[in-house]
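J.: missing the sequence, but the structure's below:
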């Protein structure tokens, strides 16, 4: 059954565990912090470890990677209306931390 596409950035981020593919993230231990700006500002993080993914509202003390993004940009990425690599290369979002985690995370979630 196809997931319904998220209508808000928060809905999309908090729903990421529902589309998590544990087999694609075997052996991964990472915290992905989202600092969302724009129409729906907020802080969220995803914790991936031991084949599980959890989504939490707030800030993590030591994320593996932090993604700084306007809400509308990340919503388009989650809805597959915008390619994450293209968005990054064109400066639509920035990140700090581990680039490897950023590169791999797309494969950890069904879209």
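T.: Received the coordinates, thanks. Note that the coordinates shown come from a computational prediction; the quantities given were computed from them, not determined experimentally.
J.: now this protein, which segments are flagged as low pLDDT?
T.: 1-3, 111 (pLDDT under 70).
J.: State the number of residues packed around residue 50.
T.: Neighbour count for residue 50, taken as other C-beta atoms under 10 Å: 10. Where you see a C-beta, it was placed from the backbone N, CA and C, and this is true even at glycine.
J.: Residue 23 now?
T.: As a burial measure, the neighbour count of residue 23 was computed by other C-beta under 10 Å and equals 7.
J.: so it sits in a strand?
T.: No - the assignment for residue 23 (DSSP: H, G, I helix; E, B strand; the rest coil) gives helix, which keeps it out of a strand.
J.: Strands of this structure, start to end?
T.: Taking DSSP state E to define them, one finds strands in the chain at 30-37, 42-49, 52-57, 65-70, 94-97.
J.: just those: most buried one?
T.: Mean neighbour count (mean count of other C-beta atoms under 10 Å) peaks for strand 30-37 among those, with a mean of 22.
J.: tilt between that strand and strand 52-57?
T.: Inter-element angle recorded for strand 30-37 and strand 52-57: 30 degrees (by axes from the mean of the first three to the mean of the last three C-alpha atoms, to 10 degrees).
J.: So which residues make contact with strand 30-37?
T.: Applying C-beta atoms under 8 Å, 6 or more residues apart in numbering, the set of residues contacting strand 30-37 from outside is 9-10, 13, 42-49, 59-60, 62-71, 74, 98, 101, 105.
J.: starting at the chain centroid, how far to that strand?
T.: In this view, strand 30-37 has its centroid 7 Å away from the chain centroid, taken as C-alpha atoms, centre = their mean, to the nearest Å.
J.: Kind regards, and thank you for your time.
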